[in-house]
Each structure stands twice: as C-alpha cells, then as structure tokens.
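Visitor: Starting from these lines, generate the structure:
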Amino acid sequence: AVFGDSHVNAFRGIEGISTHYLGAATAYNLSSESSSSGGGRRLKEKLKRLDADTNAILLCFGEIDCRAHVVKQAYVANKSIHETAVDTAKAYFGLVLSIKERGYQVIVYGPYGSGSQFNSFGLESYRNSAVKSFNDSLRESCLKHNIYFFSLNSLLVDPVTLLTRRAWLT
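Guide: Numbering: from 1, shown residues only. Just a heads-up that it's a prediction; the model follows:
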C-alpha cells in the first residue's frame, strides 16, 4: 500500500499496489494530531485495516515541505536550509519508525527535484538543496533502522547547478 501526497499517483494502476492519496499533507506535520491537513490521522486509520504480515507500506511525503516550507522556515528561523530540511526529515522519520514498530515492512520514497513554481518559495536551486538535505537525512535514518529508501532526485536534478532537469520530469 502506498500512502502520500500527489506523488502516490506514480503507483496508481499497478497491479497489487493500492494507492492512498492523503491530500496536501506535509512530512513535518504528519505526526501532529492538530495538523490542518489531517493526513497523519487518515494514515493511522487506514493502517488499522491493513495486516502487517501481508502489506508493505510505501510512504511518499516531503515534496510539499521542500517546495513550499523549508526555505521559508529557514529564513523565518534564521537557520540554514540544510538544518531546516534535516529537522523536517527527523520529524517525518518519527512517524516512519512508528509504522515499522507496528510490524510493517516500510519503504520510504524521497521527493525529487522542485520543477514546479506552484505554491513554491525561494529559488529552484534552494528548493533542490532542501530536497537533497531532506533525502540525505532520511536515507541515513532509514539505513540505521533497516528501512528501504529510494529517490529519483539524483537523476532529476543537475548536481552542479541544482536545477531540475525538466525534460526528464515529463
């Protein structure tokens, strides 16, 4: 079963995989009961109906955070983009780990390059820097806890310019 933001659509229609779009839920607020999107609450409700012995859980969150919030929060809090992205990844990983502790095999799908200007904040290169830091932190946490992690970001973002390879997105 795949849970997440609009990026779950990449898995829609694949035999044997159920997709669960949870709205514009942010990775940072998934664990918060007072989250305005309610994504975390919906995720927990849906998990109650899935058997951990027969279902792996793939999580797709973080794109909204990196596109619209991390750079902005870095400015507001007078922190680096890296530090803010890592804080966001750590908040998200708490939920990831809680799902694993329920007995599910968990896979984390890290977001990829920010090619969109829709509800974005900051320069594209800054947003892509946020994605890289977010994914690096998640990858490290996943490795420590034997959780699968993958992302297309290294393919979709030029490592020198930090600009999204738009032709590859289509």
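Visitor: L143: what's its closest spatial neighbour, skipping adjacent residues?
Guide: Leaving aside its sequence neighbours, L143 sits nearest to F149 (Cβ to Cβ, 6 or more residues apart in numbering; 7.4 Å). Just so you know, the C-beta spots here come from the backbone N, C-alpha and C atoms, and that holds for glycine as well.
Visitor: so the one you found, which of the three states?
Guide: Recorded secondary structure, F149: strand (DSSP: H, G, I helix; E, B strand; the rest coil).
Visitor: E140 now?
Guide: With three-state DSSP as the basis, E140 sits in helix.
Visitor: From R41, how far out is it?
Guide: The gap separating E140 from R41 is 28 Å, by Cβ to Cβ, to the nearest Å.
Visitor: quick one: which helix or strand includes L97?
Guide: For L97, the host element (DSSP states H and E) is helix 81-101.
Visitor: Could you name the helices and strands sitting against the lowest-mean-pLDDT helix or strand in the chain?
Guide: Across the helices and strands of the chain, mean confidence by mean pLDDT, DSSP states H and E is lowest for helix 166-169: a mean of 76. Other helices and strands packing on helix 166-169, by 3 or more Cβ pairs under 8 Å, 6 or more residues apart in numbering; DSSP states H and E, are helix 153-156.
Visitor: For G40, give me its contacts.
Guide: The contact partners of G40, by Cβ atoms under 8 Å, 6 or more residues apart in numbering, come to A25, N29, L30, S31, S32, E33, L95.
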